[in-house]
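In: Quick one, what's the 3D model for this:
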Amino acid sequence: MRANTIKYEIFDANGAPRTASRPATSLTLAAMSLGYGVVQLDVTIVNTALDAMGKTLGGGVAELQWVVSAYTIAFAAFILTAGALGDRIGAKRIFMAGFAIFTAASLACALSPNAIVLIGARLVQGLAAAILVPNSLALLNHAYTDDRARGRAVAVWAAGASLALTAGPFVGGALITLVGWRAIFLVNLPIGLVGLWLSWRYATETTRARSREIDLPGQLAAIGALGALAGAIIEAGALGWGHPLVLSAFATAAVLATLFVWRESRTAQPMLPLSLFSHRLFTLTTAVGLLVNIAIYGLIFVLSLYFQRINGLSAWWTGLAFVPMMGAVLPVNLLAPRLAERIGPCPTIVVGACISAFGCLGLIWIEAGTSYWAIFAQMIAISGGLGLLVPPLTSTLLGSVEKARSGIAAGVLNATRQTGSVLGVALFGSLVGGEGVFMQGLHLALVISAAVLLLAAATIGIGARTRG
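Out: Residues are numbered from 1 along each chain as shown. Just a heads-up that it's a prediction; the model follows:
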């Protein structure tokens, strides 16, 4: 007997019907997972290399903050436009361009002769990451027409990213120890080449919406505002909060943010539809996403420096130190929907934020030389709380708007959370960047993290019960 081949109806770039075999859709899923996975890998893999980069390239904490923040600034600022670009030109074309740019930028990072070149290459990497994420989802949506099959594909796509996020510190530590910090960027090259080939060979192009406009003025204002704000906070740690350059950067950020809101309220096809914020739950969950990432990702940055610069751990052991913390996220992610069904999504978000906050409070007594096992449980609590709140946060946000706007809503959440990461690294890095103030800054960062997480819990807990 000859086995039947399962086929899915899809369409080419001109809207003509085509068919794709099940292996083709599975390999499309593999390509999209590689795209999202490499983006998440570079979020965590760099943290283990901070000390080694600083020793090789020179510079202080501020330069290391820029190495991390350049990536997330471009990621946060460009992700909404990248989705619109895929709609207009074709998601496959844009996705492959993003993969090619990400791979080339990774090579440039590996070959960087100084911190300035590395920061510039990281900026380009972040821009490419913004292209990869929304367009990988668009291509999955195009490849899987059945709702159940699409749901399973998205689950695999997300699980692969979580695995990459978890593996980042471990892989980074191993590569730095065996080869050197430049290897953490070279590892992206084979991933990029395989992803590009699979995309070219098996992914099918989406129908182009030529009427979809690109909000270039809004995009430029968003990049400028976020970059100026992050720059002001980062440089405040070295120059002082009252320095004229810092104050000028804050003023520039305020002006550009005002221009951005003005532009988005008047353009026919805004990058960020302000009408979304008329939905109360959308506004609340977006605010929570911002606050949580400020607390968690800023803390990960300073803990990476604490393990290496204060406790003298190698990159290898620093990577291992973060594996349990990152690894706790995935299983708790799977638990979160069940808890949300029992007590409700908003209470689950509150519980997750409070668990993370208490984990931060449990670390306030940390000192130079503190045993890793003395802080192990607190680190697991911080990451476990994050894993508990993210799934209901995402589902609540998507459920707060019409299905036709779910794509842009998800993009706003992603952009907001990345913005939180930028601000967290900038703020907490400025606290520990001065001479001889690291531990004092770390203690203050832990207090701020706990306060921000409790504010997030109060925001959703109280706000969700408010009518009107």
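
In: before we move on, which element is the closest residue to Gly327 other than its chain neighbours in?
Out: Nearest residue to Gly327, sequence neighbours excluded (Cβ to Cβ, 6 or more residues apart in numbering): Thr166, at 4.9 Å. C-beta: built from backbone N, CA, C; applies to glycine. Following DSSP states H and E, one finds Thr166 within helix 147-178.

In: Enumerate every residue touching the residue nearest to Gly327.
Out: When contacts are counted by Cβ atoms under 8 Å, 6 or more residues apart in numbering, Thr166 touches Thr44, Val323, Met326, Gly327, Val329, Leu330.

In: Now do the contacts for the residue nearest to the first one when sequence neighbours are not counted.
Out: The reference is to Thr44. Excluding the flanking residues, the one nearest Thr44 by Cβ to Cβ, 6+ apart is Gly168, at 3.1 Å. For Gly168, the contacting residues are Gln40, Leu41, Asp42, Val43, Thr44, Ile45, Asn47, Thr48, Met326, by Cβ under 8 Å, 6+ apart.

In: Isn't Ala52 up against Arg182?
Out: No. Contact status for Ala52 versus Arg182: not in contact, 9.3 Å apart, counting by Cβ atoms under 8 Å.

In: Give me the residue at the spatial middle of the chain.
Out: Gln418 (4.9 Å; Cα atoms, centre = their mean).

In: so where is this protein shaky, pLDDT-wise?
Out: Counting by pLDDT under 70, the chain shows low-confidence ranges at 1-22, 59, 147, 151, 155, 209-212, 403-407, 466-468.

In: circling back to that earlier point, from Val288, how far off is the residue nearest to the centre of the chain?
Out: Distance of Gln418 to Val288, given as Cβ to Cβ, to the nearest Å: 15 Å.

In: my read: Ala230 touches Leu423, true?
Out: Yes. Contact criterion Cβ under 8 Å: Ala230 and Leu423 qualify, at 6.8 Å.

In: C-alpha coordinates for stretch 342-362, PDB please?
Out: Presented in PDB, the C-alpha positions along stretch 342-362 are these (Å, rounded to 0.1, in the frame of the first residue of the first chain):
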ATOM      1  CA  ARG A 342      -8.500  27.600  38.200                       C
ATOM      2  CA  ILE A 343      -8.100  31.100  39.600                       C
ATOM      3  CA  GLY A 344      -8.200  33.300  36.500                       C
ATOM      4  CA  PRO A 345      -5.500  34.900  34.300                       C
ATOM      5  CA  CYS A 346      -5.200  38.200  36.200                       C
ATOM      6  CA  PRO A 347      -4.800  36.500  39.600                       C
ATOM      7  CA  THR A 348      -2.200  34.200  38.100                       C
ATOM      8  CA  ILE A 349      -0.200  37.300  36.800                       C
ATOM      9  CA  VAL A 350      -0.400  38.700  40.300                       C
ATOM     10  CA  VAL A 351       0.900  35.500  41.900                       C
ATOM     11  CA  GLY A 352       3.800  35.300  39.400                       C
ATOM     12  CA  ALA A 353       4.800  38.900  39.900                       C
ATOM     13  CA  CYS A 354       4.700  38.500  43.700                       C
ATOM     14  CA  ILE A 355       6.800  35.300  43.700                       C
ATOM     15  CA  SER A 356       9.400  37.100  41.600                       C
ATOM     16  CA  ALA A 357       9.300  40.100  44.000                       C
ATOM     17  CA  PHE A 358       9.800  38.000  47.000                       C
ATOM     18  CA  GLY A 359      12.700  36.300  45.300                       C
ATOM     19  CA  CYS A 360      14.300  39.700  44.800                       C
ATOM     20  CA  LEU A 361      13.700  40.600  48.500                       C
ATOM     21  CA  GLY A 362      15.300  37.300  49.500                       C
END
